[in-house]
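1. quick one: sequence and predicted model below, then my questions.
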Amino acid sequence: MSVISNALKKLDRVALAQDKFNIFTSLNRDARRQLSENNDDDYPSKPLQNVLYALKDNITTTKLPTTCGSKILEGYVSPFNSTVAELLESSGAVSVGKTNLDEFGMGTAGLHSYFGPTFNPLYEGQKVVVGGSSSGSAAAVAAEVVDFALGTDTGGSIRLPAAWTSTLGFKPSYGRISRFGVVAYAQSLDTVGIISKDIKILKSVFQTLDHYDSKDPTSLSNEFRRKAKSLTRKNSKLKIGLPIELNQKDMPEVVKTAFYQAVDKLMKQGHEFYKVSIPSVINALPIYYTLAPIEAVSNLSRYDGIRYGFRAPTADFQDSIPFAVTRAAFGPEVQKRLVLGNYNLSSERYKNSYITAQNCRASMVKDFDKVFSFPNLLSHKIRNEGGLDLLLSPTAVNLPSSVAKYVKEENTNLVNSYVNDVFTIPMSLCGLPSISVPMRGCKSAGIQLTGQHGDDATVLSATQHLM
């Protein structure tokens, strides 16, 4: 089937998929016309020509609204495009639309959006959670209405929904893909990532987006990229670590079985496995839920109802009431995290919470550096010849549940949903490249491959050994 025929078939499924799964917040009504124009014989061929994609609705575009799944930004259209949107347009890819998400990227199930929940396409008619916060992006790929989708990963928001939809979900090294035009939740963690079913397409998209961007102060320099590209392995066989802290005993038996079958498959290919301990990983959840809400407090303070977005229905802006009413337009999950962030910024908690969390995060980076063979190029360490090439773990502790069950458990214990990211958060805190690969023989479960910061190439190359 030609690329154009494949694209048209996908577009034919969009309306029905939207009705069933609530994938998109807005649609590109010109997609068919753009495909037709790109198919013109006089149109120069481009790397992703006629490949369909979707953007998570916290990535700015000038042609479609950028709402972040929030009432605060309902109908807001950005005056500028994000760098990733510009690069994809230049590559010939065609946008289908913007995808639903947990409000401002805060959530692990895809249920906390002003535009309603997104449902998992693998369980049609059953209203099963899809995972978040890149819920719509994962659902769009799983429903086969796009070839790939971009999302953002702050603590697992690409990898968790990818696992629960049996798709590939890649979080590159922090700084590899530009964040210019990405609405910030926690800027020291937010990373643009890619979801697809096709590793070749995923690699091609990453190659298109993997460039230094002067508009993003966190973008890795061209010098760093040259150094990372120059790192080579002496042996094609990989040394893979199994972190003790990331293999919990209380996982479902079907997940355990599928995971160790994958390990066995890699061992038969000649790759070596070692048990490894990364002690600081056990602190990942409290570190994350201290730092991310604190950064969110700063980033979301701009939504005051005066400059743009939702405005309180009153003309009296001489006191704090309109501001309070406007801020009340945030959903409950965002409000909860803002309260947590403000609490940890208070004079009583700042030193014991924020400073301690930052120190623990730095220690975790050092712990990961000790196990990898390649050096962390940001810290100028020398190569560890006895170190590991990759780490392997499950992506998630649990399989997806029904929306009703998930909501009941979340209401019973406020931190229940936070545990879903326990295997993914350490990689986000340390900026490591990590990909969730569907587990063979276990629907809605993923295997997570993780490499040293900057060594995205090994992670993507090794992915093919599991498929």
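-> Now that the structure is in, tell me what you want to look at. Residues are numbered from 1 along each chain as shown.
2. okay, CA-based contacts and neighbour counts for the rest of this
-> Noted.
3. where does the stretch 351-467 of the chain dip in pLDDT?
-> Along the stretch 351-467 of the chain, the model assigns pLDDT under 70 to residues 380.
4. and the strands in the stretch 1-150 of the chain?
-> 24-27, 52-56, 94-99, 148-153 (DSSP state E, counting those that start in this stretch).
5. ranking those by burial, who's on top?
-> strand 148-153 (a mean of 30; mean count of other C-alpha atoms under 10 Å).
6. can you tell me what sits against that strand?
-> When contacts are defined by C-alpha atoms under 8 Å, 6 or more residues apart in numbering, strand 148-153 is touched by residues 52-56, 105, 133-134, 137-138, 140-141, 157-159, 171, 189-197, 201-202, 428.
7. and it, which strands flank it?
-> In the sheet, strand 148-153 lines up against strand 52-56 (parallel), strand 191-196 (antiparallel) (DSSP bridges).
8. need those in CSV (columns: distance to residue 65 and mean pLDDT).
-> Output for those, formatted as CSV (distance: least, C-alpha to C-alpha, whole Å; pLDDT from 0 to 100):
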stretch, distance to residue 65, mean pLDDT
strand 52-56, 11, 99
strand 191-196, 19, 99
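9. out of the ones you listed, which comes closest to residue 391?
-> Of all those, strand 191-196 sits nearest to residue 391, with 19.0 Å by C-alpha to C-alpha.
10. can you map out the helices along the stretch 151-300 of the chain?
-> Ranges of helices in the stretch 151-300 of the chain, per DSSP state H, counting those that start in this stretch, are 159-164, 199-209, 222-230, 253-268, 284-300.
11. ok, and which of those has the densest surroundings?
-> Highest mean neighbour count of the helices of the stretch 151-300 of the chain: helix 159-164, a mean of 35 (counted as mean count of other C-alpha under 10 Å).
12. for it, the averaged confidence score.
-> Across helix 159-164, pLDDT averages out at 99.
13. which strands and helices lie in contact with that helix?
-> For helix 159-164, the packing partners by 3 or more C-alpha pairs under 8 Å, 6 or more residues apart in numbering; DSSP states H and E come out as helix 135-142, strand 168-171, strand 434-438, strand 446-450.
14. buried sites along whichever helix or strand comes after the last one?
-> Toward the C-terminus, strand 446-450 is succeeded by helix 456-463 as the next helix or strand (DSSP states H and E). Neighbour-count burial for helix 456-463, with 16 or more other C-alpha atoms under 10 Å as criterion, is recorded at 456, 458-460, 462-463.
15. list the helices and strands helix 456-463 packs on?
-> Counting contacts by 3+ C-alpha pairs under 8 Å, 6+ apart, helix 456-463 is packed against strand 434-438, strand 446-450.
16. of all these, which lies closest to residue 394?
-> Closest to residue 394 of those, according to C-alpha to C-alpha: strand 446-450, at 4.6 Å.
17. now do that closest one against helix 253-268, angle only.
-> 50 degrees (axes from the mean of the first three to the mean of the last three C-alpha atoms, to 10 degrees).
18. what residues does strand 446-450 touch?
-> Applying C-alpha under 8 Å, 6+ apart, the contact partners of strand 446-450 are 162-164, 166, 259, 390-396, 427, 432-439, 459, 463.
19. surely residue 299 meets residue 186?
-> Yes. Look at residue 299 against residue 186 with C-alpha atoms under 8 Å: they come within range, at 7.4 Å.
20. for the stretch 1-150 of the chain, give me the ranges with low pLDDT.
-> 1, 40-44.
21. mind listing the helices in the stretch 1-150 of the chain by residue range?
-> 3-21, 31-38, 83-90, 135-142.
22. out of those, deepest packed?
-> helix 135-142 (a mean of 34).
23. other residues contacting that one?
-> For helix 135-142, using C-alpha under 8 Å, 6+ apart, the contacting residues are 21-24, 54-56, 99-102, 109-110, 118-122, 130, 146-151, 158, 161-162, 165-167, 195-197.
24. with distance to residue 417 added, can I get the strands paired with strand 148-153 in a markdown table?
-> Listed next are those as a markdown table, based on distance: least, C-alpha to C-alpha, whole Å:
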| stretch | distance to residue 417 |
| --- | --- |
| strand 52-56 | 21 |
| strand 191-196 | 21 |
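25. closest one to residue 5 among those strands?
-> strand 52-56 (11.5 Å).
26. now the closest one, how far from the centre of its chain.
-> Remark: strand 52-56 is offset 13 Å from the chain centroid, using C-alpha atoms, centre = their mean, to the nearest Å.
27. CA-only coordinates of it in PDB, if you can.
-> What follows is strand 52-56, C-alpha atoms only, in PDB (Å, rounded to 0.1, in the frame of the first residue of the first chain):
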ATOM      1  CA  LEU A  52       0.300  11.400   9.400                       C
ATOM      2  CA  TYR A  53       1.000  12.700  12.900                       C
ATOM      3  CA  ALA A  54      -0.700  14.300  15.900                       C
ATOM      4  CA  LEU A  55       0.600  16.800  18.500                       C
ATOM      5  CA  LYS A  56      -0.200  16.700  22.200                       C
END
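28. quick one: contacts of that strand?
-> 7, 93-101, 134, 136-137, 140, 145-152.
29. ditto for stretch 213-225
-> 83, 175-180, 211-212, 377, 454.
30. could you dump the residues you listed to CSV with distance to residue 289?
-> Formatted as CSV, the contacts of stretch 213-225 follow (distance: C-alpha to C-alpha, whole Å):
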residue, distance to residue 289
83, 29
175, 22
176, 24
177, 24
178, 24
179, 22
180, 24
211, 30
212, 30
377, 27
454, 25
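31. farthest-apart pair in those residues, please.
-> Farthest pair in the contacts of stretch 213-225, by C-alpha to C-alpha: 83 and 377, 24.7 Å.
32. ranges for the strands of the stretch 251-400 of the chain?
-> 272-276, 390-394.
33. and of those strands, who's closest to residue 329?
-> strand 390-394 (36.6 Å).
34. strand partners (parallel or antiparallel) of that closest one?
-> Strand 390-394 pairs in its sheet with strand 239-243 (parallel), strand 446-450 (antiparallel), by DSSP bridges.
35. how far does that strand sit from its chain's centre?
-> On C-alpha atoms, centre = their mean, the centre of strand 390-394 falls 17 Å from that of its chain.
36. then that strand to CSV, C-alphas only?
-> Provided in CSV are the C-alpha atoms of strand 390-394 (Å, rounded to 0.1, in the frame of the first residue of the first chain):
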residue,chain,number,x,y,z
LEU,A,390,21.6,-0.5,29.0
LEU,A,391,19.1,-1.1,31.8
LEU,A,392,16.0,-3.2,31.4
SER,A,393,12.9,-3.0,33.5
PRO,A,394,9.1,-3.2,33.2
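37. and the next helix or strand past that strand?
-> helix 403-412.
38. for the helix or strand that that following helix is followed by, output the C-alpha coordinates as CSV.
-> With elements assigned by DSSP H and E, the helix or strand that comes after helix 403-412 is helix 425-429. Below are the C-alpha coordinates for helix 425-429, written out as CSV (Å, rounded to 0.1, in the frame of the first residue of the first chain):
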residue,chain,number,x,y,z
ILE,A,425,10.3,8.7,37.1
PRO,A,426,14.0,7.9,37.8
MET,A,427,14.9,8.2,34.1
SER,A,428,13.1,11.5,33.9
LEU,A,429,14.9,12.9,37.0
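39. give the contact list for the closest residue to residue 386 other than its chain neighbours.
-> Counting by C-alpha to C-alpha, 6 or more residues apart in numbering, the nearest residue to residue 386 once its immediate chain neighbours are dropped is residue 373, at 6.3 Å. Residues near residue 373 by C-alpha under 8 Å, 6+ apart: 383-389.
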